[in-house]
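Enquirer: Return a 3D structure for these sequence lines:
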Amino acid sequence: MKFGYSEVCLEHDTGDRHPEIPDRLRAIREGLKREYGVRYVDPDPADRSAVEAVHDPDYVAEFREFCEGGGGNWDPDTVAVERTWDAALKSAGIAQWAAEAALAGADGRETPFSIGRPPGHHAVTDDAMGFCFVNNVAVAARTALDEYEGVDSVGVVDWDVHHGNGTQEIFYDRDDVYFVSTHEEGIYPGTGEVGETGEGDGSGHTLNAPLPAGSGDAEFAAVFDDVIAPAVAEYDPDLLLVSAGFDAHRHDPISRLRVSTEGYGVLTDRVRRMADETDAPLAFVLEGGYGLDVLAEGVRMVHEVFDGREPVETDDDVDEDVEERVEELRETHGLGEK
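Expert: Now for the predicted structure:
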């Protein structure tokens, strides 16, 4: 894979007691150091106009002024310092680069992965929340739609433990983005129910798969195989982006889901197949993941799959509640019975 990364993203200093710290990126780079062929690119930051294409200009101005004033607690979870403005623009720019590199023909071992922070998928049109100020994957998707000939639709698959409420909200009434989220049911931010499927032109273009605590490799594979893959194939996007959070890992400190490192390899293989089947360029954008070791392992596993590793499938049975959820999702999204 080819990784987008910048030291500027380390300057968003949230303090040692905050879960979303600069050491997250350092851990990823350390974990990749031993891997042959890893390449890094330091892309330009996103232009303010690109951010304002998905966020309200008044909010963007308020965010910049907040940082220029020294930052502080935007809300109890979401912290900024003076350099957070620059880090957020850089993080969004790295996500743009990932989409652009994919569209330029990157494939196989050159598949782009945006390693930026702050993360983005909780940032809504007019507010920051959940550690997020600028919705990186939304900026990348909108840039592709606005600036690239032949890109009329984008699929976003979000496998973070938390629902990508910001990405959903930004595109909820649009039909040119198909948003998919797997997430733990009943936790922050409290959105992402099965019945949230879009509105207006976007009706039917949001797919939420909330999973009960304890769901692991078998349950995620079932949802991807029986729901997400056929839904994405039917939508047939021109670009596929993955909001890649690694906090659904069984050893992440804030997760009750049970995905293993090998399980992330399986999910990587699944989205790669989706991209192949729809002939859609593929790129990854980092979201959450707060256990430094398992975050690094997860990103390294994604890289290894693109470097030729065959992930090992689990032989565990799927939880009955998740089997019922799969049937509910298939019915809700018109996929028929298995």
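Enquirer: which residues does residue 253 contact?
Expert: By CB atoms under 8 Å, 6 or more residues apart in numbering, the contact list for residue 253 reads 19, 290, 291. Heads up, the C-betas are built off the backbone N, CA and C, glycines and all.
Enquirer: Could you pull out the strands in the stretch 201-338 of the chain for me?
Expert: The residue ranges that make up the strands of the stretch 201-338 of the chain, judged by DSSP state E, counting those that start in this stretch, are 206-211, 239-244, 282-286.
Enquirer: Can you lay out the ones you listed as CSV showing mean neighbour count and distance to residue 42?
Expert: As requested, the strands of the stretch 201-338 of the chain are exported to CSV (neighbours: other CB atoms under 10 Å; distance: least, CB to CB, whole Å):
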stretch, mean neighbour count, distance to residue 42
strand 206-211, 24, 34
strand 239-244, 28, 20
strand 282-286, 31, 15
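Enquirer: between those strands, which gets nearest to residue 40?
Expert: When the strands of the stretch 201-338 of the chain are ranked by distance to residue 40, counting by CB to CB, first place goes to strand 282-286 at 13.6 Å.
Enquirer: what are the pairing partners of the closest one, and which direction each?
Expert: Counting by DSSP bridges, the strands paired with strand 282-286 are strand 112-114 (parallel), strand 239-244 (parallel).
Enquirer: With residue 38 as the reference, name the closest of those.
Expert: With CB to CB as the measure, strand 112-114 is the member of the strands paired with strand 282-286 nearest residue 38 (9.8 Å).
Enquirer: Contacts for the closest one next, please.
Expert: Residues external to strand 112-114 that are found in contact with it (CB under 8 Å, 6+ apart): 1-4, 91, 94-95, 97-99, 101-102, 106, 136, 140, 244, 283-286, 299, 302-303.
Enquirer: Show me which of those residues are buried.
Expert: Applying a neighbour-count criterion of 16 or more other CB atoms under 10 Å, the buried members of those are 1-4, 91, 94-95, 97-99, 101-102, 106, 136, 140, 244, 283-286, 299, 302-303.
Enquirer: how about the strands paired with strand 282-286 in JSON lines, adding distance to residue 176 and mean pLDDT?
Expert: Written out in JSON lines, the entries for these read as follows (distance: least, CB to CB, whole Å; pLDDT from 0 to 100):
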{"stretch": "strand 112-114", "distance to residue 176": "21", "mean pLDDT": "98"}
{"stretch": "strand 239-244", "distance to residue 176": "11", "mean pLDDT": "98"}
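Enquirer: Any chance of those strands in TSV with distance to residue 274 as columns?
Expert: Supplementary listing: the strands paired with strand 282-286 in TSV, determined by distance: least, CB to CB, whole Å:
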stretch	distance to residue 274
strand 112-114	16
strand 239-244	6
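Enquirer: what about these, which gets the closest to residue 50?
Expert: strand 112-114 (14.2 Å).
Enquirer: Can you name the element that comes right after the closest one?
Expert: Past strand 112-114, heading to the C-terminal end, the next element that is a helix or strand (DSSP states H and E) is helix 136-147.
Enquirer: mind listing what's buried in that next one?
Expert: If you call a residue buried by 16+ other CB under 10 Å, then helix 136-147 has these buried ones: 136, 137, 138, 139, 140, 141, 142, 143, 144, 145.
Enquirer: one step back: how about the strands paired with strand 282-286, which one is nearest residue 12?
Expert: Ranking these by distance to residue 12, with CB to CB as the measure, places strand 112-114 first at 15.0 Å.
Enquirer: would you turn the strands of the stretch 201-338 of the chain into a markdown table with distance to residue 59?
Expert: Formatted as a markdown table, the entries for the strands of the stretch 201-338 of the chain read as follows, by distance: least, CB to CB, whole Å:
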| stretch | distance to residue 59 |
| --- | --- |
| strand 206-211 | 22 |
| strand 239-244 | 21 |
| strand 282-286 | 21 |
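Enquirer: ok so, going back, can you tell me which of the contacts of residue 253 are buried?
Expert: Buried residues within those, defined by neighbour count using 16+ other CB under 10 Å: 19, 290, 291.
Enquirer: Now do stretch 329-338: distance from first to last residue.
Expert: Across stretch 329-338, the terminal residues are separated by 11 Å (CA to CA, to the nearest Å).
Enquirer: list the buried ones in that stretch?
Expert: Buried-residue list, stretch 329-338, by 16+ other CB under 10 Å: 329, 330, 333, 335.
Enquirer: Run through the residues that contact the first one.
Expert: Going by CB under 8 Å, 6+ apart, residue 329 touches 194, 207, 209, 223, 227, 335.
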